[in-house]
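# sequence unknown, structure follows:
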């Protein structure tokens, strides 16, 4: 739990609150393991916890955060989270009415013609009328949140000057299981095996 709390930039006490209230959910295989047993949290759940932590600091109540988490979770298998994981500029737009009201939607940032900077609509969430501007809008860069919580094992091992074969051996010995889901472990193992076969060197900017 300490590692998971660090990944969403929260204290262990806050993370335990989030876990106990269902704001973040452990993987199905570890969800029922009980206190004192290691639980694993997928990156999408940690992204939800990261966003909830920011809103907690703004004063939203726990019941509202539970509802917000459920809403975000309902979209984790859809195109917005998929695009964000690919680095596309997807924003969660939240209009917050403290202490217990909110509305939200997802929007992709766009680049107007002949302009370099990206723009995100500042209309009220779920409004089709472009004239309805929100004066209480919070924008969350979902791609940046997912990148922040997906601390990649390969990047950490590269910073430690280890070789891909060292990480591959550690993975086979059971390392990283408290840090990544089983699917992420399989993907990471395949990546390291390919790097070892290609000469046991890290590529430029490995992630």
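Everything's here; your move. What you see is a predicted model, and the numbers here were worked out from it, not measured in a lab.

# Packing partners of the helix-or-strand element of the chain with minimal mean pLDDT?
The helix or strand of the chain with the poorest confidence is helix 153-159; it has a mean of 76 (mean pLDDT, DSSP states H and E). Here helix 153-159 touches helix 164-172, helix 182-197, going by 3 or more Cβ pairs under 8 Å, 6 or more residues apart in numbering; DSSP states H and E. Using the backbone N, CA and C atoms, a C-beta is placed for each residue, glycine as well.

# Mind putting the ones you listed into CSV with mean neighbour count and mean pLDDT?
CSV is the format used below for those (neighbours: other Cβ atoms under 10 Å; pLDDT from 0 to 100):
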stretch, mean neighbour count, mean pLDDT
helix 164-172, 18, 91
helix 182-197, 15, 88
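
# Relative to residue 127, which of those helices is closest?
helix 182-197 (36.9 Å; Cβ to Cβ).

# Okay, angle between that closest one and helix 164-172 too, please.
Using axes from the mean of the first three to the mean of the last three Cα atoms, to 10 degrees, the inter-axis angle of helix 182-197 relative to helix 164-172 is 150 degrees.

# Quick one: residues in contact with helix 182-197.
Under the contact criterion Cβ atoms under 8 Å, 6 or more residues apart in numbering, helix 182-197 has outside partners 27, 29, 40, 42-43, 153-154, 164-165, 167-168, 171-172, 176-177, 180, 201-203.

# at 6 Å what do you get?
Applying Cβ atoms under 6 Å, 6 or more residues apart in numbering, the contact partners of helix 182-197 are 153, 164-165, 167-168, 171.
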